[in-house]
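Trainee: Mind looking at a prediction? Sequence and model below.
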Amino acid sequence: MARIAYLRVSTVDQNTDRQLNDIGISFDKTFIDKCSGSSTKRPALNELKDYVRESDTIHVHSIDRLARNLVDLKQLINDWNNQGVSVKFHKENLCFNAGGSDHMSELMLNMLGAVAQFELAMIQERRQEGIEKAKAAGKYKGRPINETNHQRISELRSQGVSLRKIASTVGVSLSTVQRALTAKEND
């Protein structure tokens, strides 16, 4: 019957102190991710999934710290509840117990999960708008081109090496190889 904390911040520059202080209890084990919540493919979350056992309780500061997608959120909670694991969200004061939760908690989960998903969509939209404005003003040019890699890609291609082999040799993705060759053609 372990008390487990799951904490998530969006960037490596942020810290989890506020989340821990707001929860205000001690834990047997803590899992911390420093990445976006838009996907469930997170290292600490995957470790947590492997670690939890029946009768454990996972403590999360708020719903948006666990997931920014309603489908992922519900899937995580359902999977854990089916394993006999309870999940408690402290900010929202919601607890989803193994063996079933009350209808009001389910309603709140759906509403708050949908809000978290909506917030993520709005953040992404504002980010894209900002990028478009910066491009129009000539301030955003994207990631700088690695001239050394592009030169090596051109050399290997001129020797008849396949695109996949080039990507492997240079240590870049296939799409990077394709972009580099397209850019060379357009020069």
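Mentor: Nice, thanks for sending it over.

Trainee: The nearest residue to residue 9 once chain neighbours are set aside: what's it in contact with?
Mentor: Take residue 9 and drop its neighbours on the chain: the residue closest to it by CB to CB, 6 or more residues apart in numbering is residue 34, 5.4 Å away. Placement of C-beta: from N, CA and C, glycine included. Contact analysis of residue 34 by CB atoms under 8 Å, 6 or more residues apart in numbering lists 8-12, 14.

Trainee: which of the residues in stretch 88-98 are buried?
Mentor: Neighbour counts over stretch 88-98 (16 or more other CB atoms under 10 Å) mark 88-90, 92, 94, 96, 98 as buried.

Trainee: Hmm, I typed the wrong one, I wanted stretch 45-64.
Mentor: By 16+ other CB under 10 Å, the buried positions in stretch 45-64 come out as 45, 48, 52, 56-64.

Trainee: which one of these is nearest residue 152?
Mentor: Ranked by distance to residue 152 (CB to CB), the buried residues of stretch 45-64 are led by residue 45 at 36.9 Å.

Trainee: Restrict the one helix or strand that closest one maps to to CA atoms and write it as PDB.
Mentor: Applying DSSP states H and E as the criterion places residue 45 in helix 43-51. Coordinates of each C-alpha in helix 43-51 appear next as PDB, following Å, rounded to 0.1, in the frame of the first residue of the first chain:
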ATOM      1  CA  PRO A  43       9.900   8.100 -19.300                       C
ATOM      2  CA  ALA A  44       8.800   8.600 -15.700                       C
ATOM      3  CA  LEU A  45       5.100   7.800 -16.500                       C
ATOM      4  CA  ASN A  46       6.200   4.600 -18.100                       C
ATOM      5  CA  GLU A  47       8.300   3.700 -15.100                       C
ATOM      6  CA  LEU A  48       5.300   4.500 -12.900                       C
ATOM      7  CA  LYS A  49       3.100   2.200 -14.900                       C
ATOM      8  CA  ASP A  50       5.600  -0.700 -14.400                       C
ATOM      9  CA  TYR A  51       6.000   0.100 -10.700                       C
END
